[in-house]
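Chemist: got a sequence here, can you model it:
(one chain, ligands or ions: 1)
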Amino acid sequence: MSSKPINVEEIKQELIAKMPTKVARKRAKAIVPGAGGSGEAIPEIQANVRTVPGIITQRGCTYAGCKGVVLGPSRDIVNLTHGPIGCGFYSWLTRRNETDAGPDGDNFIPYCFSTDLTEHDIVFGGMKKLSAAIQEAYDNFHPKAISVFSTCPVGLIGDDIHSVARQMQEKLGITVFANSCEGYRGVSQSAGHHIANNQIMKHIIGTGETPVEGKYKINLLGEYNIGGDAFEIERILKKCGITLIATFSGNSTVESFREAHFADLNTVMCHRSLNYVAEMMETKFGIPWIKVNFIGAHATAKSLRRIATYFEDQELMDRVEQVIAEEMPAIETAIKDIRPRTEGKTAMMFVGGSRAHHYQELFGELGMKVLCAGYEFAHRDDYEGRQVMSKIKVDADSRNIEELEVVQDATRYKPRKTPEQLEALKAKGVEVKDYDGMIGQMSKDSLIIDDISQYETEKIIEIMKPDIFCAGIKEKYIIQKMGMPMKQLHNYDIGGPYAGFVGAINWYRDIDRMVNSKIWSLTKAPWQSEGPELEASYVAE
Ligand code: CFM
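Modeler: Purely as a prediction, here's the structure:
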């Protein structure tokens, strides 16, 4: 931990100093200081643009965002990868999205469904194989829905997956739909989120006819039950008497998606991956959305209060206060024990499109400062706040993704609040359709870096020397070899849940252990140890 004031501009210059001029110029636009508490304008950051070729990026592909992230966690949809077996295999059970098989027992998450395209299919077309695979999945499992995902080669050979889906839907009498989410379709997995949002909206949401009972009915958008997070959120909401119709898409069923339009409020957890559905449901059904965050005990309490304020119901407000009062003592006990050991320590986080922001709450509760953070694939609104959206230029890459034309539903559009009510809520701090980005929350002496490269990761650790680094599996071992504890924030290593009240305590304990263990600083790479280096000679005859 350095005690001298941090000059973020100098650090930025040092980060890009060794890059070729053109690359340095581009990367400079993706590195900005925080603006929290400074009263200064939020700086513009470059985001959601192509990665510089040759740079080792953290990003994944569009298929990963569509199949792996958004639709993958739904337990009773058969998610079928149309492509060579590698795409299906490497997205098979890698995300720790847990599920409860429920009373019907339908749970296809442990399976890997793929059409296993080969050279022959690439040459002659894979559509027959796709129909056969859909039929086989249906014969074996009788699912309520089948969703098809195209991979890069499918886009190149031009298989019409949508017509195959339509034909099979007619033949089988169940929902069958396809996603044109070839890996290269966007600049990152973010494009895949948007594609999945569109297809769920077109084919599933609102197709249920049975009204859902409940006084306070909500959906939770952008929560994927990694390490059991959704289970903990479900526990809290139930305790508050709030009816959760659908979670998109952790621990979810296709039936719950169908009935999601019966909710009176959409709460958005991961804004990046599901904000499109939130917007479209507002337009089509008149359901407002608010941003929530269940990562952090205080953030959880705040989110519950926001939901209660939205419903303007004293009974719910009292119940929420009671739940918070019941849950907080355990949090306070844990903090009292752990915080003296974590206070003043520092962290860095480079993950996805929402966690690098959300987890600042949890580090804050431990008295730790986040020196530097960034997203892999977020857009400017995730950094600068939702108000910037109208200023974002639509480039050729974004134009690749369909913008659905959604209109008010002729019979089911019903505004849940009047404009006056929404104004009154805003005055109470509950603004609909709003999200403050990450930059405004980080202090002026911290740095925000979009789509950080491997080189920049190593360099920033060398310069700022945090006590812990959070990212994913691709970074993990390199960082540990640098003598630093490394926490995976995608899959939580084997930990979690970290959401809600119980989750916060799990987090305090895990971080305490990690930042106070000396194990990584005691390890030495072979070239750091004294004594002769191992040498070998190469003998060729
Ligand atoms: Fe949303 Fe996610 Fe994230 Fe994300 Fe992801 Fe994830 Fe993530 Mo890994 S949906 S943006 S595409 S919160 S898989 S559950 S951890 S990169 S920060």
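
Chemist: to what extent is the residue of the chain at minimum distance from the ligand buried, counted in neighbours?
Modeler: Nearest residue of the chain to the ligand: Gly352, at 2.2 Å (CB to the nearest ligand atom). Any C-beta I mention is one placed from the backbone N, CA and C, and that applies to glycine too. Counted by other CB atoms under 10 Å, the residues lying close to Gly352 total 29.

Chemist: do the same with Leu371
Modeler: 26.

Chemist: let me know the helix or strand that it is in.
Modeler: Element membership for Leu371 (DSSP states H and E) is strand 369-374.

Chemist: one step back: my guess is the residue of the chain closest to the ligand meets Ala373, correct?
Modeler: No - in this structure Gly352 lies outside contact range of Ala373 using CB atoms under 8 Å: 11.3 Å.

Chemist: enumerate the residues of this structure near the ligand.
Modeler: The chain has residues 65, 69, 95, 189, 222, 224, 226, 270, 272-273, 351-355, 490 near the ligand, with proximity defined as CB under 6 Å from any ligand atom.

Chemist: tell me which of those fall in strands.
Modeler: In strands, judged by DSSP state E, the following of the residues of the chain next to the ligand are found: Gly222.

Chemist: which strands or helices does the longest helix belonging to the chain pack on?
Modeler: As assigned by DSSP state H, the longest helix anywhere in the chain is helix 314-342. When contacts are defined as 3 or more CB pairs under 8 Å, 6 or more residues apart in numbering; DSSP states H and E, helix 314-342 sits against helix 229-240, helix 297-311, helix 500-515.

Chemist: which of those helices sits closest to His261?
Modeler: helix 297-311 (17.5 Å; CB to CB).

Chemist: now the longest helix of the chain against helix 500-515, angle please.
Modeler: 10 degrees (axes from the mean of the first three to the mean of the last three CA atoms, to 10 degrees).

Chemist: what sits up against the strand holding Leu371?
Modeler: 6, 344-350, 356-357, 360, 363, 438, 442-443, 446-452, 460, 464, 466 (CB atoms under 8 Å, 6 or more residues apart in numbering).

Chemist: ChimeraX command for the buried members of those residues?
Modeler: This is the ChimeraX syntax for the buried subset of those, where burial follows 16 or more other CB atoms under 10 Å:
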select :6,345,346,347,348,349,350,356,357,360,363,438,442,443,446,447,448,449,450,451,452,460,464,466
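
Chemist: taking the contacts of strand 369-374 one by one, which sit in helices?
Modeler: Counting by DSSP H, the part of those found in helices is Ala356, His357, Gln360, Phe363, Ile460, Met464.

Chemist: I figured the second one hits Asp436, correct?
Modeler: Right, the one you point to is His357. No - assessed by CB under 8 Å, His357 is found out of contact with Asp436, at 9.1 Å.

Chemist: excluding chain neighbours, give the residue nearest to Asp510 in space.
Modeler: Nearest residue to Asp510 in three dimensions, chain neighbours excluded: Gly495, at 5.2 Å (CB to CB, 6 or more residues apart in numbering).

Chemist: give me the neighbour count for Glu209.
Modeler: When neighbours are counted by other CB under 10 Å, Glu209 registers 7.

Chemist: roughly how far apart are it and Ser443?
Modeler: From Glu209 over to Ser443 the distance is 51 Å, taken as CB to CB, to the nearest Å.

Chemist: ditto for Tyr477
Modeler: On the measure of CB to CB, Tyr477 and Ser443 end up 30 Å apart.

Chemist: quick one: contacts for Thr99?
Modeler: Pro73, Arg75, Asn107, Ile109, Asn225, Gly250, Asn251, Ser252.

Chemist: can you tell me the SS state at Pro53?
Modeler: coil (DSSP: H, G, I helix; E, B strand; the rest coil).

Chemist: can you list the strands that the strand holding Leu371 pairs with?
Modeler: Applying DSSP bridges, strand 369-374 is found paired with strand 346-350 (parallel), strand 447-449 (parallel).

Chemist: okay, the ones you listed in a markdown table with mean pLDDT next?
Modeler: Output for the strands paired with strand 369-374, formatted as a markdown table (pLDDT from 0 to 100):
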| stretch | mean pLDDT |
| --- | --- |
| strand 346-350 | 98 |
| strand 447-449 | 98 |
